[in-house]
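Peer 1: My questions are about this predicted structure, shown below with the sequence.
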Amino acid sequence: MIDFQYDGVMADGKACQGSIRAPNEETARLRLIGQGVTPVRIAGAGGESSQDVPRGRGGVRLKRADILLFSREMAHLKQANMPLDKALAMLKETADTARLQVFISKVEEGVRGGKSLYQSLLPFESDLGRQYLVLIRAGETSGSLHVVLKELTVQLEADDKLRNYVISSMTYPVILLVVAVLSVILLLAFVVPQFREIFDSMGDKLPYSTRLVVDLSDMIRSHWMALLSGVTVMLFLGSRWTASADGRLRLDSLLLDIPLFGKVLRNLQFAVYFRTFGILLQRGVPMVDALRIAIDTLTNTALRKDIEPLVGLVKAGKRLSTGFVSPYLGKSSTPQLIRVAEETGQLDITLLGLADRYEDEGRRTMGRVLAAMEPLIIIVLGALVAFIIIAILGGVLSINDTI
């Protein structure tokens, strides 16, 4: 037996710490959960913290489609009052991938061993996410597991719909931009050199625009290896810089400050944050825990750093609305709406309404960004191609004038 030191949060949202004896860290975690304590940090005698120790998935990596299918089918089976072990056995038989079968088998093994569904899903926390597991635990505790699974299914479908909307919306502009860049490079690398022998006889009598295009073409043809290597090195150094904490924070801050695009990013991030926060409160999760889990959904580190102080504010006994002073919220009525919701006891409903509002606004702004981006790329591409063609024609005409 090992004495583990832990820091955690009790069911009423109060912080706690102490020690617990267990044969291993996972058993200590499960015992704390059984006592109504949500562990934040668990460290053994050597001081090694559970926050730094990766937890295994049992040799399987889940995809979002697997999680969505599992949640949807489990919601249907539990709504029909089917026992949990039988529902898992039926799902295992109908699973369409080996990956999903292995996952369900391991969950079923835990359930048949006397664990709850929440405890059986713990090894897959890195794939499922804390929010998913906390909601499962809340559903089992309140006896409304089928309702929670249905809510999780709706949320996963909404997240996938939003992600697919962003990807599909950005696909055409990205393809258009790549084609534009390749078209200019091909013109300079293969078309302009065909006129090189004609232009050489003119020397300095060529127009400045023609000499500029010819020199740029020569540079691309003669130093393409160096240019490619330079771009590769810059991308590598840029990726290393953005992988650092300071670099990622600076990049995320810069993205939020980009006109229109930054507004889209802020709105979509706030939509996910408020929806997660509202659902957790709706299922009876303590506010401090709900705040911590909702913050994990923010992928922008600058936005997360701005929202993180809310946890300490609520733990100190202050109103949640007093902490929503982020400059990224802009001139919005969000703090006022949250203050009214706190007074009327409808905070969860208000948060879900805010999520819908931010998502709709993000979609509308993205539509305007894309509507402006596509013609802008076409105009810039047309201007570059026109400049190259006019420069070549200018050189040809100057030769005729000289003759």
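Peer 2: Right, received. Where do you want to start?

Peer 1: What pLDDT is listed against Leu265?
Peer 2: For Leu265, the model assigns a pLDDT of 87.

Peer 1: Does the closest residue in space to Val192 that isn't next to it in sequence lie in a helix or a strand, and which?
Peer 2: Leaving out its chain neighbours, the residue that sits closest to Val192 by Cβ to Cβ, 6 or more residues apart in numbering is Ser217, at 4.0 Å. For every residue, glycine as well, the C-beta is placed using N, CA and C. Ser217 is part of helix 208-222, with elements assigned from DSSP states H and E.

Peer 1: Could you list the low-confidence segments of the stretch 301-403 of the chain?
Peer 2: 330-331, 399-403 (pLDDT under 70).

Peer 1: Would you indicate which residues of stretch 187-196 are buried?
Peer 2: Buried positions in stretch 187-196, judged by neighbour count with 16 or more other Cβ atoms under 10 Å: 187-188, 192, 195.

Peer 1: ok, now stretch 136-144?
Peer 2: Buried, per 16+ other Cβ under 10 Å, within stretch 136-144: 136-140, 144.

Peer 1: Tell me which of the residues you listed fall in helices.
Peer 2: 136-140 (DSSP state H).

Peer 1: Could you single out the nearest of these to Leu206?
Peer 2: Taking Cβ to Cβ as the measure, Ile136 is the one of these closest to Leu206, at 73.1 Å.

Peer 1: can you pull the pLDDT of that closest one?
Peer 2: 84.

Peer 1: before we move on, what about Phe236?
Peer 2: Phe236 is assigned 90 on the pLDDT scale.

Peer 1: mind checking how far it is from Ala95?
Peer 2: 41 Å (Cβ to Cβ, to the nearest Å).

Peer 1: mean confidence score for stretch 173-187?
Peer 2: Rounded mean pLDDT across stretch 173-187 is 84.

Peer 1: heads up, I number from 65, so please use that
Peer 2: Understood, numbering begins at 65; the last thing we discussed is stretch 237-251.

Peer 1: in it, what's buried?
Peer 2: 240, 244, 248, 251.

Peer 1: And for stretch 125-139?
Peer 2: 126, 130-139.

Peer 1: same check, this time on stretch 408-420
Peer 2: Counting neighbours by 16+ other Cβ under 10 Å, stretch 408-420 gives 411-412, 414-416, 418-419 as buried.

Peer 1: Quick one, which of the buried residues of stretch 125-139 has the minimum pLDDT?
Peer 2: Per-residue pLDDT puts Leu126 lowest of those, at 82.

Peer 1: tell me the SS of that residue?
Peer 2: At Leu126, secondary structure determined by DSSP: H, G, I helix; E, B strand; the rest coil is coil.

Peer 1: hang on, the earlier thing: give me the subset of the buried residues of stretch 237-251 that lies in strands.
Peer 2: Among these, DSSP state E puts none in strands.

Peer 1: Output the residues you listed as a markdown table; include the columns distance to Tyr392.
Peer 2: Shown next, in a markdown table, are these (distance: Cβ to Cβ, whole Å):
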| residue | distance to Tyr392 |
| --- | --- |
| Leu240 | 30 |
| Ala244 | 32 |
| Val248 | 37 |
| Leu251 | 42 |
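
Peer 1: for the stretch 165-314 of the chain, what are the low-confidence residue spans?
Peer 2: Counting by pLDDT under 70, the ranges of the stretch 165-314 of the chain that qualify are 265-269.

Peer 1: What lies in contact with stretch 239-252?
Peer 2: 277, 280-281, 284, 438, 441-442, 444-445, 448-449, 452 (Cβ atoms under 8 Å, 6 or more residues apart in numbering).

Peer 1: try it again with 10 Å
Peer 2: With Cβ atoms under 10 Å, 6 or more residues apart in numbering as the test, stretch 239-252 has contacts from 277-278, 280-285, 288, 437-438, 440-442, 444-446, 448-449, 451-453, 456.

Peer 1: are any of those buried, and which?
Peer 2: By 16+ other Cβ under 10 Å, the contacts of stretch 239-252 give 277-278, 281, 284, 437, 441, 445, 448, 452, 456 as buried.

Peer 1: and stretch 181-191, how far out from the chain's middle?
Peer 2: Computed by Cα atoms, centre = their mean, to the nearest Å, the chain-centroid distance of stretch 181-191 equals 21 Å.

Peer 1: Distance across it, terminal residue to terminal residue?
Peer 2: This stretch, stretch 181-191, spans 16 Å end to end (Cα to Cα, to the nearest Å).

Peer 1: Buried by neighbour count: which residues of it qualify?
Peer 2: 181-188, 191.

Peer 1: before we move on, the earlier item: closest to Cys80 among the buried residues of stretch 237-251?
Peer 2: For the buried residues of stretch 237-251, the nearest to Cys80 is Leu240 (55.9 Å; Cβ to Cβ).

Peer 1: now the strands for the protein?
Peer 2: Under DSSP E, the chain gives strands at 66-74, 79-86, 101-107.

Peer 1: list the buried ones in the last one?
Peer 2: Neighbour-count burial for strand 101-107, counted by 16+ other Cβ under 10 Å, picks out 101-104, 106-107.

Peer 1: now swap in stretch 338-354 and tell me
Peer 2: For stretch 338-354, by 16+ other Cβ under 10 Å, it's 338-347, 349-354.

Peer 1: Let's test this: mean pLDDT of that stretch, rounded?
Peer 2: Averaged over stretch 338-354, pLDDT sits at 83.

Peer 1: Please state the offset of it from the chain centre?
Peer 2: 19 Å.

Peer 1: Start and end of that stretch, how far apart?
Peer 2: End-to-end distance for stretch 338-354, by Cα to Cα: 10 Å.

Peer 1: wait, Leu197 sits on Leu185?
Peer 2: Yes. Assessed by Cβ atoms under 10 Å, Leu197 is found in contact with Leu185 at 5.9 Å.
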